[in-house]
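Engineer: No letters, just coordinates:
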């Protein structure tokens, strides 16, 4: 052996984007041991095989778990529960600390008390995670942008409980049990994302990131299995954004059903008046939402000040001309009320702009960066030319941000796969690090899904770095640049 009982130390560093000073989080040091591939190679899976799944709807079990959580969580916040109350901060914050602090800081007794109290909802999560489908039935609802999703948000707490269960198993040296709970959490994240609403996919990504951190915990402990094939075998994208983005594409018509009737001949003045009042009321409500929301952008005052009728009057001459040039009979257009003409034209323009973004969404990122969220109507004169179009456009989610969330999850999976490939190489080469990722022949070394290139890897003696640079078009945020430093410890 080149090194006696070699121990790889992995330091995870989130580095700032060049040219902009940003805070860098403290390095996270993870101790890794060289580990050969498992036998059989696919002993571990991050998503259960179909033959291991049970027919049924996972959402039923998650709803049961959420109800049980409501019942049990109350006693931990009640001041008169004495020994049943976990010491210190509120329960949610305490569990968050337990799964983010160093593993050796886990207060085993307090953690076990919580896990025992939530044993039943955890069992429901297990039952849900092996179900063959998950249908939240949001497609059947008439709600639009304003639909509330308390059950989806509550899944975050369930995921933290699952992550804590995985961490407890890791601390106890029960590696297979830890893998079981990590898989349970990863499937929960995928299940949460299965719906027509972007927030579902974003919550699913956040859940799965929590679970990938538990993989980083797991590979510290003696005897931890090598998960290189489990990671390679995992679906890509791990969370598919297509369904939710398609749902968002037609959310405007779901929120305003009368928009689908614009093409059906001239409206009466009474119908037009009711449509105008409803459109103005809803647009104002939607655009006056939380300033931190991905929708709205502070245009509520514009809606109230100008009003739909005034917007339509401004757009009408151009709208009438464009509809006739597009093939609409001039007599039909002339018979339509001003608001109908302006709205019909605006909806068509809205979908044209939407398609210009959506057509790039499923193209590899390194080929489409900068094209999905291409600047549209950025100048004041463009916004004022058709304020109705601007109001509709501001209700769109930030499409590039949404797909980057999914890609960052895949990048995390792929980076871990590279690290596991290095662990496998070290186990086969007397504890030595490869001088290049190209030297790893017995395990697949993935490309960075954001750049389409290999992760940057350099080796220097007993240490190495694995770097994922900030991709073109990504927000100036340190989380988009990832550096792993691998170092043998004696």
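Structural biologist: Arrived safely, thanks for sending. Only a predicted model underlies this, so the values are computations on that prediction, with no experimental measurement involved.

Engineer: how close does residue 37 sit to residue 445?
Structural biologist: Going from residue 37 to residue 445 by CB to CB, to the nearest Å gives 14 Å. In this view, the C-beta of every residue, glycine as well, is placed from N, C-alpha and C.

Engineer: from what I can see residue 397 touches residue 200, true?
Structural biologist: No. Under the criterion of CB atoms under 8 Å, residue 397 makes no contact with residue 200, lying 12.0 Å away.

Engineer: who's more crowded, those two?
Structural biologist: residue 200 (23 against 20; other CB atoms under 10 Å).

Engineer: quick check, that one in a helix?
Structural biologist: Yes. Applying DSSP: H, G, I helix; E, B strand; the rest coil, one finds residue 200 inside a helix.

Engineer: my guess is it meets residue 152, correct?
Structural biologist: Yes. Counting by CB under 8 Å, residue 200 does reach residue 152; the two are 5.6 Å apart.

Engineer: shared neighbours of those two, anything?
Structural biologist: 136, 192 (CB atoms under 8 Å, 6 or more residues apart in numbering).

Engineer: The helix or strand hosting residue 167 - contacts with which helices or strands?
Structural biologist: Using DSSP states H and E, residue 167 sits within helix 150-171. Contact partners of helix 150-171 among helices and strands, from 3 or more CB pairs under 8 Å, 6 or more residues apart in numbering; DSSP states H and E: helix 58-77, helix 91-100, helix 108-117, helix 119-129, helix 175-192, helix 198-218.

Engineer: to the chain's geometric centre, what's the distance from stretch 474-490?
Structural biologist: 20 Å (CA atoms, centre = their mean, to the nearest Å).

Engineer: Okay, now the unreliable bits of the stretch 201-350 of the chain?
Structural biologist: 286-306 (pLDDT under 70).

Engineer: So which residues of it form helices?
Structural biologist: 228-233, 242-249, 251-255, 269-287, 300-306, 308-325, 330-335, 338-358 (DSSP state H, counting those that start in this stretch).

Engineer: winner for burial among the ones you listed?
Structural biologist: helix 228-233 (a mean of 23; mean count of other CB atoms under 10 Å).

Engineer: Would you mind pulling up the elements that that one packs against?
Structural biologist: Partner elements for helix 228-233 (3+ CB pairs under 8 Å, 6+ apart): helix 399-428.

Engineer: Next, the angle helix 175-192 makes with the helix it packs on.
Structural biologist: With axes from the mean of the first three to the mean of the last three CA atoms, to 10 degrees applied, the angle from helix 399-428 to helix 175-192 works out at 160 degrees.

Engineer: quick one: helix 399-428 to chain centroid distance?
Structural biologist: 15 Å.

Engineer: Next: stretch 37-56.
Structural biologist: The answer for stretch 37-56 is 24 Å, by CA atoms, centre = their mean.

Engineer: Next, the buried residues of that stretch.
Structural biologist: With burial defined by 16 or more other CB atoms under 10 Å, the residues of stretch 37-56 counted as buried are 37, 38, 44, 45, 46, 47, 48, 53.

Engineer: roughly how far apart are the first one and residue 54?
Structural biologist: The gap separating residue 37 from residue 54 is 29 Å, by CB to CB.

Engineer: What of the fifth one?
Structural biologist: Note on residue 46: its distance to residue 54, by CB to CB, is 18 Å.

Engineer: what helix or strand does residue 484 sit in?
Structural biologist: Assigned by DSSP H and E, residue 484 falls in strand 482-489.

Engineer: Quick check: can you list the domain ranges of the chain?
Structural biologist: By the assignment in automatic domain parsing, the chain contains the domains 7-246+401-489, 248-360.

Engineer: Would you reformat those as TSV and include distance to residue 369?
Structural biologist: Output for these, formatted as TSV (distance: least, CB to CB, whole Å):
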stretch	distance to residue 369
domain 7-246+401-489	4
domain 248-360	9
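
Engineer: what's the closest of those to residue 390?
Structural biologist: Ranking the domains of the chain by distance to residue 390, with CB to CB as the measure, places domain 248-360 first at 7.1 Å.

Engineer: residues in contact with the closest residue to residue 369 other than its chain neighbours?
Structural biologist: In this structure, residue 369 finds its nearest non-sequential neighbour in residue 473, 3.6 Å apart by CB to CB, 6 or more residues apart in numbering. Contact analysis of residue 473 by CB under 8 Å, 6+ apart lists 369, 370, 373, 400.

Engineer: what do you get for residue 129?
Structural biologist: With the criterion set at CB under 8 Å, 6+ apart, residue 129 makes contact with 48, 58, 183, 184, 187, 188, 191.

Engineer: Also residue 93?
Structural biologist: Counting by CB under 8 Å, 6+ apart, residue 93 has no contacts.

Engineer: pLDDT at residue 83, what is it?
Structural biologist: What the model reports for residue 83 is a pLDDT of 44.

Engineer: Ramachandran coordinates for the residue nearest to residue 369?
Structural biologist: Dihedral pair for residue 473: phi 80, psi 0, per degrees, to the nearest 10.

Engineer: what does stretch 266-273 contact?
Structural biologist: 261, 275, 332, 335, 336, 337, 339, 340.
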